[in-house]
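> what's the 3D shape of this:
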Amino acid sequence: MKATQTNFLKFLEGNKQLIIPIYQRPYSWKIPQCQQLWNDILRAANDNTISGHFIGSLVYMVDSVYLTAVIPKLLVIDGQQRLTTLSLLLSVLSKAIRASNEEIDISSEALEDFYLFNRHAKGSERYKLLLNQKDRETLIRLLEDTEIPDDKSQQLVDNYRYFEIQIHKPDIDLNALYRGIYKLMIVEISLERDHDNPQLIFESLNSTGLKLSEADKIRNYVLMGLQPEKQDEIYNLYWHPMEKSFDKTANSELFDRFIRDYLTIKSRSGTIPNIGDVYSSFKIYVQDKKDTLIKEIVADVYLYSKYFVKLAFAQETDQEIKQLITDINTLRVDVAYPFLIEVYDDYIQNKIGRQEFISILRLVESYVFRRSICGIPTSSMNKSFATLSREIDRENYLESLQIALGGKKSYKRFPGDEEFRRELVVKDIYNFRGCNYLLRKLENYEHKELVNVPKYTIEHIMPQNPNLSLEWQTDLGEQWKEIQAKYLHTIGNLTLTGYNPELSDRPFIEKRDINGGFADSPLRLNRGLQHLKQWNETEINKRAESLADMAVKVWSSPCM
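Numbers count the residues shown, from 1 in each chain. Next up, the predicted model:
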């Protein structure tokens, strides 16, 4: 390893190409980072006492294969963000110089030839900086001042436009700006593949850029130590397709969650890594598998990622399975994913049939929902699901799962029908997180023509208004205040309607008989209301019990 303090622009001079390897994350600096760099450059430009401004290290790896090329190629290990951002600024400055009549220390042509392009090279070797696949074409188009592609890297474009706006402000002196850039200093760190461990050096660097996600670190760890051709193979076969499948969200935490679940599955004891420490846990996992090729490990990670994505985004062509996954996601129980991923794998491998897979999904949904209704703390569920697969007899898959869940005691229990009914009829359902889910499942139970419940609003049959009308007070009796307080938000008093403003606080008979009222409703939840003459404590309890009868079928208990 060689480390040298050097002038940034001097470093760029001469024929060379700085390549961002495929394992590096895409360009990620945003406007605040560009603004900080811009301000630092202006400060250096306008202060004659500053001879140089340090902007961090630039770490690259040299390989004998690359060094013997006509254009020597350096693989950038650290410094991509600053290097790319300054290339954007130099391109903007070059174009501004070309459009200006000012006398300046450097011409537009010289600036481009020295710092942006390898003058006599052809093809991709023409560019001093070659970004990874996602960003490459956008940067080239910006440098060449040609049309930006439709699938552009938006961050590159946004930052380029930011520098354009700044540089055209009336108080900007282009010559002073160039002098400010010329004062930028770096520590140039050169590594040799055969003698240095780039991964250890990478981990020890204190980067001034944006913090790497756990996913970024894992990708670097997996690919950095491989020869370039192996990097390309593994990246293109497994890693890039996996990253694309997670591109539906910009949140890198979803990938971190997947790696945590993958490591949980692979742990013999069901140990669940801390979400902020999955990189370290992954390294230990790989190091323990000494006899396994990294390609085999990544292929396995890729396989399990497919199941995670199917679960996280409900990507399933079978509509019944897709709806069950959507329902489970509605309950926000991603702690069940390690178990469900394994079940998904068994289903795809034809170790269980479609109907058995559906029954397992329903059982998991019932277990989670019943516990939620009964107010059982969720803190134990992550450990329960992490080890659940080990309690299953693969020869008697569903039956053994029913026994495993049904046999859990205390805070891990699967609430029985009696407990579930008892808690459901008295629970404040209206303020329950799963209220809409609950009403939708009840409304559509055993229906092939599903009702689009989100089109409707939740209706309190007995109104929420604390100042109930005389008609309502008469129906409810002398204890109307106590009855309203006790039953207002319970399942017996809740239904669905498309006529919420029309029903409002009207007396029950009017709610029943007006156009769009209960007697006119096509919804199952409103059946039985059309024949009632009043709404009171007795009727609320009767309806609650009726809905509870349906609920124990919708969210069934294990058959033991």
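> where are the low-confidence patches of the stretch 51-200 of the chain?
63-69, 193-200 (pLDDT under 70).
> I'd assumed residue 432 was in a strand, is it?
No - with DSSP: H, G, I helix; E, B strand; the rest coil as the criterion, residue 432 is coil rather than part of a strand.
> please report phi then psi for the closest residue in space to it that isn't next to it in sequence.
Residue nearest to residue 432 in three dimensions, not counting chain neighbours: residue 438, with 7.2 Å by Cβ to Cβ, 6 or more residues apart in numbering. Placement of C-beta: from N, CA and C, glycine included. Per-residue torsions, residue 438: phi -60, psi -50 (degrees, to the nearest 10).
> how about residue 438, what does it touch?
429, 432, 491 (Cβ atoms under 8 Å, 6 or more residues apart in numbering).
> what's the answer for residue 363, then?
By Cβ under 8 Å, 6+ apart, the neighbours of residue 363 are 398, 401, 402, 405, 556, 558.
> which among the residues you listed end up buried?
By neighbour count, with 16 or more other Cβ atoms under 10 Å, the contacts of residue 363 hold 398, 401, 402, 405, 558 as buried.
> so can I have a markdown table of these showing pLDDT?
Output for the buried ones among the contacts of residue 363, formatted as a markdown table (pLDDT from 0 to 100):
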| residue | pLDDT |
| --- | --- |
| 398 | 94 |
| 401 | 95 |
| 402 | 95 |
| 405 | 94 |
| 558 | 90 |
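> farthest-apart pair in these, please.
398 and 405 (10.8 Å; Cβ to Cβ).
> turn the buried ones among the contacts of residue 363 into a markdown table, columns for secondary structure.
Shown next, in a markdown table, are the buried ones among the contacts of residue 363 (three-state DSSP):
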| residue | secondary structure |
| --- | --- |
| 398 | helix |
| 401 | helix |
| 402 | helix |
| 405 | helix |
| 558 | coil |
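> how about low-confidence regions in the stretch 251-400 of the chain?
Low-confidence segments of the stretch 251-400 of the chain (pLDDT under 70): 251-252.
> do a quick rundown of the helices in it.
Assigned by DSSP state H, counting those that start in this stretch, the helices in the stretch 251-400 of the chain fall at 253-266, 278-288, 294-312, 319-330, 337-348, 354-373, 381-388, 397-406.
> can you lay out those helices as TSV showing distance to residue 60?
Shown next, in TSV, are the helices of the stretch 251-400 of the chain (distance: least, Cβ to Cβ, whole Å):
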stretch	distance to residue 60
helix 253-266	27
helix 278-288	23
helix 294-312	23
helix 319-330	44
helix 337-348	39
helix 354-373	49
helix 381-388	42
helix 397-406	53
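> can you say which of those helices is nearest to residue 538?
helix 354-373 (23.5 Å).
> list the buried residues for that closest one?
356-373.
> cool, and stretch 18-33?
Across stretch 18-33, burial judged by 16+ other Cβ under 10 Å covers 18-29, 33.
> now render the residues you listed as a markdown table, adding secondary structure.
As requested, the buried residues of stretch 18-33 are arranged in a markdown table below (three-state DSSP):
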| residue | secondary structure |
| --- | --- |
| 18 | strand |
| 19 | strand |
| 20 | coil |
| 21 | coil |
| 22 | coil |
| 23 | coil |
| 24 | coil |
| 25 | coil |
| 26 | coil |
| 27 | coil |
| 28 | coil |
| 29 | coil |
| 33 | helix |
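> which among those gets closest to residue 462?
Set against residue 462, the nearest of these by Cβ to Cβ is residue 28 (54.4 Å).
> what about that closest one, distance to residue 224?
18 Å (Cβ to Cβ, to the nearest Å).
> equivalent analysis for residue 75, please.
Distance from residue 75 to residue 224, by Cβ to Cβ: 9 Å.
> overlap in contacts, those two.
residue 21.
> okay, the two: which has more neighbours?
residue 75 (23 against 18; other Cβ atoms under 10 Å).
> mind checking the SS state of that one?
Recorded secondary structure, residue 75: strand (three-state DSSP).
> neighbours around residue 536, how many?
Using other Cβ under 10 Å, residue 536 has 18 other residues around it.
> ah, wrong one, I meant residue 131
When neighbours are defined as other Cβ under 10 Å, residue 131 has 25 of them.
> and it, backbone torsions?
Reported as degrees, to the nearest 10, the phi and psi values for residue 131 are phi -80, psi 180.
> all the strands of this structure, residue numbers only.
Listed in chain order, the strands of the chain (DSSP state E) span 2-7, 17-19, 53-62, 73-78, 129-130, 184-192, 457-460, 494-497.
> would you convert those strands into JSON lines that also reports distance to residue 139?
As requested, those are exported to JSON lines (distance: least, Cβ to Cβ, whole Å):
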{"stretch": "strand 2-7", "distance to residue 139": "23"}
{"stretch": "strand 17-19", "distance to residue 139": "12"}
{"stretch": "strand 53-62", "distance to residue 139": "17"}
{"stretch": "strand 73-78", "distance to residue 139": "13"}
{"stretch": "strand 129-130", "distance to residue 139": "7"}
{"stretch": "strand 184-192", "distance to residue 139": "20"}
{"stretch": "strand 457-460", "distance to residue 139": "50"}
{"stretch": "strand 494-497", "distance to residue 139": "53"}
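> what's the closest of those to residue 547?
Evaluated over the strands of the chain, closeness to residue 547 peaks at strand 494-497, with 9.1 Å, by Cβ to Cβ.
> strand partners of that closest one, parallel vs antiparallel please.
strand 457-460 (antiparallel) (DSSP bridges).
> buried stuff in the strand it pairs with?
Buried residues in strand 457-460 (16+ other Cβ under 10 Å): 458, 459, 460.
> so which of the helices of the stretch 251-400 of the chain gets nearest residue 11?
helix 278-288 (30.4 Å).
> can you give me how far that closest one is from the chain middle?
22 Å (Cα atoms, centre = their mean, to the nearest Å).
> do the same with stretch 93-101
Taking mean C-alpha positions (Cα atoms, centre = their mean), stretch 93-101 and its chain are 42 Å apart.
> list the contacts of it.
Applying Cβ under 8 Å, 6+ apart, the contact partners of stretch 93-101 are 104, 106-108, 111-112, 116, 145, 167-168, 174, 177-178, 181.
> who wins for neighbours among the contacts of residue 438?
Of the contacts of residue 438, with other Cβ under 10 Å as the count, residue 491 tops at 29 neighbours.
> find me the pLDDT at that one, would you?
The score at residue 491 is 98. That number is its pLDDT.
> can you pull the contacts of it?
With Cβ under 8 Å, 6+ apart, residue 491 has these contacts: 424, 425, 427, 429, 438, 544, 547, 548.
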